[in-house]
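Q: Using only what follows, build the 3D model:
(one chain, ligands or ions: 1)
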Amino acid sequence: MSLAARIDVVRGSFELSVDLDVPTGTVLALLGPNGSGKSTVLGCLAGLIAPRSAEITVAGRSLADLAPHRRGIGLLSQDALLFPHLSAVDNVAFSPRSTGAGRRAARDLAHFWLAEVDAVELADRRPGQLSGGQAQRVAIARALAAQPDLLLLDEPFAALDVDAAPAIRGLLRRVLKTGPTTVLVTHDPLDALALADHVAVMNDGRVVERGPTRDVLSAPRTAFTARIAGLNLIAGTAVDGGLRTPSGDVVSGIPASDVVQGEPAVAVFPPNAVAVYPHDGEHRGSPRNTADAVVAALEPHGPVIRVRAEAGGWAHGLTADLTPAAVAELALEPGSAVTLSVKAATVSVHPAATGP
Ligand SMILES: Nc1ncnc2c1ncn2[C@@H]1O[C@H](COP(=O)(O)OP(=O)(O)OP(=O)(O)O)[C@@H](O)[C@H]1O
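A: Coordinates of the predicted model:
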């Protein structure tokens, strides 16, 4: 059941215009910052937000003029939204019942889906007796028991605590392998990497980059996507063995096979590929990928400290991940003068995006 959608929406001063194609049985992640329009897209697909104009087809069936409950769409949001007065199994049985299944058949189906999400032992509990993670398991079973043609997931881990989220992510990964065509809204690139075949990166109501998840997130072609993916990105023009920035610096790296010299290109590397030295001139020996900079900010980032640098040339805005011990040893603080060094072997060079 493939999805093809072209959606135009106006909400106050916000205008959104996107088109999406999701092949049968695959997962598309809509990735983007707050307010980029991800939930608006889901709301239009589900029929909960009226677009200015929209063409939405699932398996060739046009949905745009159908009421929400006639669209064959399952929606899972951050909150499980179970019926509080029904047991878990009756919550799951509700959708097959409402599409005409007999009581017995609906219960059998509900037990099957509760087993699929490792929640059989929760069958007789009311939602008030479930943890957030348990309730979300039941909600996933309920969404899948309806056998939707299209499944919409709206930040399904956002309301879970850090211990529960990985288990539910793993569970969804398992059930979506053979599951319906799915659109997942998230602002977390990890969710996209774990669950989605393709990703569409949204900013300000537009898709700014799209493609296979791994390709987009490991080799972003726009600064915007690089920031979301947590990577450093330098734009310029491809030259032999790297790229030349607008200020004339050459950044050495390993060009991808589709890079054409003289064409716009981007150099991409992770923050842990950036070495930081005291600014003593010692490391100037390397002819390229070394730059003087000033520490602009230091922020904890999981187990490491992310250092953001300011510089006059190509190194402006770079981030480097250091251990707390290294930050202490270098006595880094905002304003510290440093030298940054990026090994060419860690820098990949790709063609720059030419548009969404
Ligand atoms: N009911 C509304 N009326 C007018 N504008 C709205 C309404 N709801 C949302 N918006 C605006 O639409 C834009 C997109 O919001 P949307 O919720 O789709 O973004 P999002 O990418 O899902 O963000 P988040 O990650 O914060 O959920 C925002 O600028 C928001 O202010």
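
Q: what is the mean pLDDT for stretch 337-345?
A: Across stretch 337-345, the average pLDDT comes to 93.

Q: What are the buried residues along that stretch?
A: 338, 339, 340, 341, 342, 344 (16 or more other Cβ atoms under 10 Å). No exception for glycine: its C-beta is placed from N, CA and C like everyone else's.

Q: Can you add secondary structure and distance to the ligand and give those residues back as JSON lines?
A: Below are those laid out as JSON lines (DSSP: H, G, I helix; E, B strand; the rest coil; distance: Cβ to the nearest ligand atom, whole Å):
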{"residue": "338", "secondary structure": "strand", "distance to the ligand": "34"}
{"residue": "339", "secondary structure": "strand", "distance to the ligand": "38"}
{"residue": "340", "secondary structure": "strand", "distance to the ligand": "32"}
{"residue": "341", "secondary structure": "strand", "distance to the ligand": "36"}
{"residue": "342", "secondary structure": "strand", "distance to the ligand": "32"}
{"residue": "344", "secondary structure": "helix", "distance to the ligand": "37"}
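
Q: which among those gets closest to residue 200?
A: Using Cβ to Cβ, residue 342 comes nearest to residue 200 of the buried residues of stretch 337-345, at 29.4 Å.

Q: and that closest one, bridged to which residues?
A: residue 274 (DSSP bridges).

Q: check contacts around it.
A: Contacts were defined as Cβ atoms under 8 Å, 6 or more residues apart in numbering; by that measure residue 342 touches 232, 251, 269, 273, 274, 275, 289, 290, 318.

Q: If we use 10 Å, what do you get?
A: Applying Cβ atoms under 10 Å, 6 or more residues apart in numbering, we find residue 342 in contact with 232, 234, 251-253, 267, 269-270, 273-275, 286, 288-291, 314-315, 318, 320.

Q: Buried among those? Need that as a selection in ChimeraX.
A: In ChimeraX syntax, the buried subset of those is picked out as below (16+ other Cβ under 10 Å):
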select :232,234,251,252,253,267,269,270,273,274,275,288,289,290,291,314,315,318,320
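
Q: So the residue in the stretch 201-350 of the chain positioned nearest to the ligand: helix, strand or coil?
A: Closest residue of the stretch 201-350 of the chain to the ligand, Cβ to the nearest ligand atom: residue 202 (6.5 Å). Look at residue 202: counting by DSSP: H, G, I helix; E, B strand; the rest coil, its state is strand.

Q: now residue 7
A: Going by three-state DSSP, the secondary structure assigned to residue 7 is strand.

Q: Where does the prediction get shaky in the stretch 251-356 of the chain?
A: Flagging of the stretch 251-356 of the chain using pLDDT under 70 yields the residue ranges 280-288, 353-356.
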